[in-house]
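1. Please work out how this folds:
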Amino acid sequence: MNTSSHTPLHIADVTMFWGPASGGVRRYLEAKHAHIGGRDDCRHSLLVPDARAACRRQDGQTICHLPARRLPAGDGYRFPLRPGPWRNALVSLAPDIIEAGDPYVTAHAALAAGRALGVPTVAFFHSDLSRLLALRFGEWVRALSSRYLAELYGRFDWVLAPSEVMAAQLDDLGVRHVSVQRLGVDTDVFRPTRRGPTVRSAIRVPSDARLLVFAGRNTREKHVDQLLECLDRLGDAYYLLLIGANMPDNGHPRLRVVGYVADEETLAMYLASADALLHAGDAETFGLVILEAMACGLPVVGVHAGATPELVDEEVGQLALRATGEALAEAVTALFERDWQAAGAAARRRAVRHYGWEPQLDWQIARMEQLCREGRISDDSRPLPGSTGEISLSA
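-> Residues are numbered from 1 along each chain as shown. Okay, the predicted model is just below:
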């Protein structure tokens, strides 16, 4: 285990949440990989699934792709079947600390490698597994999955949650060694000046229309069907742009659809060219696209559920009480009846002040160094979203 300040801290991340249409987890890991690459006091290894094995090493940074089976109807995600190869790959890299980004096979591989190396292990509670399984298989599975998560995360030295609501869920499971580690946004990439002068004409939206946008996955908990219902209830002045894989296109004259956008600058261009983000998700564990839209200067219409209220209040947007087309349409109307441009400007200020990747990741790395050095995490206080307090990096 690295305890010397003269030897770079070696952090390894492992996850199955890595695919061609990945969202927040991949963005977080790519930002972390780039951030550590710009520091001389630590280095980063990243293990992700792919069709075949391959490793790339450059300037002390490593990305290893390990073979995994493609999930049917899984948007390109791959699922490792055995922890052994992942455990062996981690052991061969010999990191000082290991972070697991999902609660499946790679989490067990991280724990096994941590024991073999005698190094701390960290888990990031990105996904609300119990709720997702209950949505797909029924409420009967919730108790089983909750017991599994409690036992799994109880074995890690430290657990990160992306929001207060996710930290509370871990607390309900009996997991106590938890910190809120919010995600961030590149405010140089996502900014109002990305607005493209020809975007609206390219997608056939009148220049005087109100353009609402949503970017993400078309899954049950995102309630994309309610976005379409919302559009139906709004007047002719409103258009809706859906960005993502497998988005529905029902031929509505005011609906526009763009496929998955991998390039962040292109995504920022689409977001900045809209007037507001419309988000019907009521089970967000963080809501990265909300933050990206805010950084682009957009007010947000969301649902008062999940982690969304931790990012959005009346200063930066409007919250609907339910994830229904009717409630969302009422929220959209309420937003544009007030100074919505001021809300967008406030959203940009909040994103810049509190959610840049650098302070978020510096905080995490400082705690990882402490965990390696002392075997514990202390002084875990963090400012509330939207507060004026700055993030403390003191250990």
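2. If you drop the residues flanking it in sequence, what lies closest to Ala161?
-> Ala167 (4.0 Å; CB to CB, 6 or more residues apart in numbering). In short, each C-beta sits where N, CA and C put it, glycine included.
3. so what's the backbone phi/psi at the one you found?
-> Taking degrees, to the nearest 10, you get phi -60, psi -40 for the backbone angles of Ala167.
4. Let me see the mean pLDDT of the biggest helix by length in the chain.
-> The single longest helix within the chain, with elements called by DSSP state H, is helix 357-374. Averaging pLDDT along helix 357-374 gives 94.
5. List the buried residues for it?
-> Neighbour-count burial for helix 357-374, counted by 16 or more other CB atoms under 10 Å, picks out 357, 359-361, 363-365, 367-373.
6. okay, the helix or strand of the chain with the lowest mean pLDDT in PDB with CA atoms only?
-> The helix or strand of the chain with the poorest confidence is helix 129-137; it has a mean of 73 (mean pLDDT, DSSP states H and E). Taking C-alpha atoms only, helix 129-137 is exported to PDB below (Å, rounded to 0.1, in the frame of the first residue of the first chain):
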ATOM      1  CA  LEU A 129     -30.700  -1.600  -8.200                       C
ATOM      2  CA  SER A 130     -33.600  -2.400  -5.900                       C
ATOM      3  CA  ARG A 131     -35.900   0.100  -7.700                       C
ATOM      4  CA  LEU A 132     -34.900  -1.000 -11.200                       C
ATOM      5  CA  LEU A 133     -35.400  -4.700 -10.400                       C
ATOM      6  CA  ALA A 134     -38.800  -3.900  -8.800                       C
ATOM      7  CA  LEU A 135     -39.900  -2.000 -11.900                       C
ATOM      8  CA  ARG A 136     -39.100  -4.900 -14.100                       C
ATOM      9  CA  PHE A 137     -40.000  -7.900 -11.900                       C
END
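7. From the buried residues of helix 357-374, pick the one nearest Arg27.
-> Trp357 (9.4 Å; CB to CB).
8. Give me the pLDDT value at the residue nearest to Ala161.
-> pLDDT, Ala167: 95.
9. and if you look at Asp41?
-> Turning to Asp41, the model gives it a pLDDT of 94.
10. What average pLDDT does the following helix or strand past the least confident helix or strand of the chain get?
-> Using DSSP states H and E, the next helix or strand after helix 129-137 towards the C-terminus is helix 140-153. Averaged across helix 140-153, the pLDDT comes to 90.
11. Quick one: name whatever helix or strand follows helix 140-153.
-> Taking DSSP H and E, what comes next after helix 140-153 is strand 158-161.
12. quick one: contacts of that next one?
-> Applying CB atoms under 8 Å, 6 or more residues apart in numbering, the external contacts of strand 158-161 come out as 99, 120-125, 153, 167, 169-170, 175, 177-181, 364, 367, 371, 377.
13. Next step: those residues restricted to helices.
-> 153, 167, 169-170, 364, 367, 371.
14. and which of those residues is nearest to Ala320?
-> Distance to Ala320, by CB to CB, is smallest for Gln169 among those, at 22.4 Å.
15. residues in contact with the residue nearest to the closest one when sequence neighbours are not counted?
-> Closest residue to Gln169 apart from its sequence neighbours, by CB to CB, 6+ apart: Asp128 at 7.0 Å. By CB under 8 Å, 6+ apart, the residues touching Asp128 are 166, 169, 283, 285.
16. Quick check: the gap between Pro8 and Gly60.
-> For Pro8, the distance to Gly60 equals 7 Å [CB to CB, to the nearest Å].
17. Compare neighbour counts for those two and give me the winner.
-> Neighbours per residue (other CB atoms under 10 Å) separate Pro8 from Gly60, with Pro8 holding more: 17 against 14.
18. Spit out the contact partners of the more buried one.
-> Applying CB under 8 Å, 6+ apart, one finds that Pro8 lies in contact with 2, 40-43, 60.
19. Check what pLDDT the nearest residue in space to Val199 that is not next to it in sequence gets.
-> Using CB to CB, 6+ apart and skipping the chain neighbours, the partner closest in space to Val199 is Ser273 (3.9 Å). Per-residue confidence at Ser273 stands at 98 (pLDDT).
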